[in-house]
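**Q** The sequence and its predicted three-dimensional model are supplied below.
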Amino acid sequence: MNTTTTAPVGEVSVRVVWARPQETPEEIARQVDLFMHGMRERTGISVWTLGTERTPWPKDQAEQAELVSQMKSTEGLARQGDGDGYAFWVRGFTSEAMAVAHVSAGQDHTGGRIPAQRADIEVTAVDGEHIPRAFTDAVVSSAVEGWDPLMVRLGTIEMQRLARRGNWKITPGYRLWLADAVGRIDHIADGVQAERVETGTLLTLPDDWSAQQVVDATQKTLELNGLDELPSLTVRSIWKSIPVDEALDMLQFWVDANWPMTEREAAESSSEIGWTQDQDGWVSNDLFGLSFPDIEGIGPADDPVKRILLTLTDHEKHITDDFARFIAGRFPEYVDGAEKLWGKGALCRGEVDRAYFDLESRGGVMIVRSKVVEALYLTQPEVDLRKANKEWAT
């Protein structure tokens, strides 16, 4: 490979894997449409067709969902007696390259030996020789945005043959994106580049490396971080969390509040964002069905508010590997959203991860990952006190 192409021949493949059973035709269509939107923005592809009949992909969301609902799966998974889910393929191309995405989704399970929810995207050069690097990078980025997956891998058949890894194993490639829910990447092999992309980490390996070099460096990076397989449980279906936008709206309510207030006054005003008080004046956030909805820091007392603590995710008494991945995956999503709203924060990684957002006269916000993910709004005097005690990162 050279620096202008991503394949020494005219074809590479992109595998996208997620683990969300029971997705509806509406959800499946929305994800595919997001992928197409990303490709349109990055490559200019404006027309996609469905299947061998080359039916144009509709612009209307209801029509998209109706089209997906007609694509009942008849692949091997159905022969196991499940008979559920949807399977179809779409195609789009430019004057230089073509992408054909085979989508499988909507099953009642996450799969057995093979992941059930996936997209296998074949990328080929129109001239049969060279695929522009910008095109393959566009496929990877658009897949991350569209399917919110566990993994996106761009590679060649030779890499798969050399690695002998498949099914739920993390497979090597010139581009490998792994969601935070899969695990953290703190160490990389020589020659590998890592960068944050959306809610995960993108590994980029040199385009002029041989397949064996890519396999060796990928496996070394996985070993350094204790990674091997994708989580086959649908962690997002098992545990609940507050959507990022709604969590930030609640925090922004307190940022914009007319301070100072007493705990009692804040508790009474919390009804404006849907929080409720019990007969004793204690406050809870019952909007999202979390296992621990109690709000700390406001209630029946007349003391001035110092902080308001909001739990963002479910609790678990016994922390499993999958729950830990769920928490590890949600934390950066909240941090990314907060940075878009308030600007760059100060991030401190460790056994407990913390992100600090100094909002000056309006106080500050902390997002914390421990056994759960929590958010704290702190009034300006409390932020100043923590700074004085060296308990606030800048």
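**A** Alright, I've got the coordinates. Residues are numbered from 1 along each chain as shown.

**Q** Which of the residues in stretch 293-310 are classified as buried?
**A** 293, 295, 297, 298, 299, 305, 307, 308, 309, 310 (16 or more other Cβ atoms under 10 Å). Placement of C-beta: from N, CA and C, glycine included.

**Q** from these, which two are the most distant?
**A** Maximum pairwise distance among these (Cβ to Cβ): 19.1 Å, between 293 and 305.

**Q** Can you list which of the buried residues of stretch 293-310 are found in helices?
**A** Using DSSP state H, no member of those sits in helices.

**Q** export the residues you listed to a markdown table and tack on pLDDT and distance to residue 31?
**A** Below are the buried residues of stretch 293-310 laid out as a markdown table (pLDDT from 0 to 100; distance: Cβ to Cβ, whole Å):
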| residue | pLDDT | distance to residue 31 |
| --- | --- | --- |
| 293 | 93 | 30 |
| 295 | 97 | 34 |
| 297 | 97 | 38 |
| 298 | 97 | 39 |
| 299 | 96 | 42 |
| 305 | 97 | 41 |
| 307 | 97 | 38 |
| 308 | 98 | 35 |
| 309 | 98 | 34 |
| 310 | 97 | 29 |
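
**Q** Of these, which is the nearest to residue 375?
**A** Out of those, the member with the shortest distance to residue 375 (by Cβ to Cβ) is residue 310, at 4.9 Å.

**Q** check contacts around the closest one.
**A** Shown in contact with residue 310 (Cβ atoms under 8 Å, 6 or more residues apart in numbering): 242, 247, 250, 251, 285, 295, 374, 375, 376, 377.

**Q** For the stretch 151-300 of the chain, just list every one of the strands.
**A** Secondary structure of the stretch 151-300 of the chain (DSSP state E, counting those that start in this stretch): strands at 151-155, 175-179, 193-197, 200-204, 276-277, 283-284.

**Q** closest one to residue 68 among these?
**A** Short answer: strand 151-155, nearest of the strands of the stretch 151-300 of the chain by Cβ to Cβ, at 21.1 Å.

**Q** Let me know the average pLDDT across that closest one.
**A** For strand 151-155, mean pLDDT is 95.

**Q** So what are the sheet partners of that strand and their directions?
**A** Strand 151-155 has these partner strands in its sheet, going by DSSP bridges: strand 11-17 (antiparallel), strand 175-179 (antiparallel).

**Q** and whichever helix or strand comes after the longest one, what does it pack onto?
**A** Read that as strand 11-17. Downstream of strand 11-17, the next assigned helix or strand under DSSP states H and E is helix 25-43. Identification of packing neighbours for helix 25-43 by 3 or more Cβ pairs under 8 Å, 6 or more residues apart in numbering; DSSP states H and E yields helix 61-69, strand 86-93, strand 97-105, helix 133-147.

**Q** most distant residue from the middle of the protein?
**A** residue 302 (41.4 Å; Cα atoms, centre = their mean).

**Q** what secondary structure does it sit in?
**A** coil (DSSP: H, G, I helix; E, B strand; the rest coil).

**Q** and the gap between it and residue 377?
**A** 19 Å (Cβ to Cβ, to the nearest Å).

**Q** contacting residues for the residue farthest from the centre of the chain?
**A** If you count contacts by Cβ under 8 Å, 6+ apart, then residue 302 has 262, 263, 264 around it.

**Q** again, but for residue 214
**A** Contacts of residue 214 (Cβ under 8 Å, 6+ apart): 155, 159, 172, 173, 174, 205.

**Q** Output these in TSV, with neighbour count and distance to residue 91 appended to each entry.
**A** Formatted as TSV, the contacts of residue 214 follow (neighbours: other Cβ atoms under 10 Å; distance: Cβ to Cβ, whole Å):
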residue	neighbour count	distance to residue 91
155	25	21
159	23	24
172	27	26
173	28	22
174	26	23
205	25	28
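
**Q** Shouldn't residue 350 be within a strand?
**A** No: counting by three-state DSSP, residue 350 is not part of a strand but coil.

**Q** What about it, how many residues nearby?
**A** 7 (other Cβ atoms under 10 Å).

**Q** again with residue 85
**A** Residue 85: 25 neighbours (other Cβ under 10 Å).

**Q** and it, what is it in contact with?
**A** Neighbours of residue 85 in contact, by Cβ under 8 Å, 6+ apart: 72, 73, 77, 78, 104, 105, 106, 107, 108, 116.

**Q** Out of the buried residues of stretch 293-310, the closest to residue 133 would be?
**A** residue 310 (43.5 Å).

**Q** Tell me what that closest one is bridged to.
**A** Beta-bridge partners of residue 310, as defined by DSSP bridges: residue 375.

**Q** returning to that earlier point: got a markdown table for the helices and strands packed on helix 25-43, with distance to residue 193 too?
**A** Below are the helices and strands packed on helix 25-43 laid out as a markdown table (distance: least, Cβ to Cβ, whole Å):
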| stretch | distance to residue 193 |
| --- | --- |
| helix 61-69 | 36 |
| strand 86-93 | 28 |
| strand 97-105 | 23 |
| helix 133-147 | 13 |
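
**Q** Indicate which one of those is closest to residue 191.
**A** It is, among those and with distance given as Cβ to Cβ, helix 133-147, at 17.2 Å.

**Q** what angle sits between that closest one and strand 86-93?
**A** 150 degrees (axes from the mean of the first three to the mean of the last three Cα atoms, to 10 degrees).

**Q** list the buried ones in helix 133-147?
**A** Those would be 133, 135-147, for helix 133-147 by 16+ other Cβ under 10 Å.

**Q** Tell me, please, the helix or strand in this structure that averages the lowest pLDDT.
**A** helix 235-238 (a mean of 50; mean pLDDT, DSSP states H and E).
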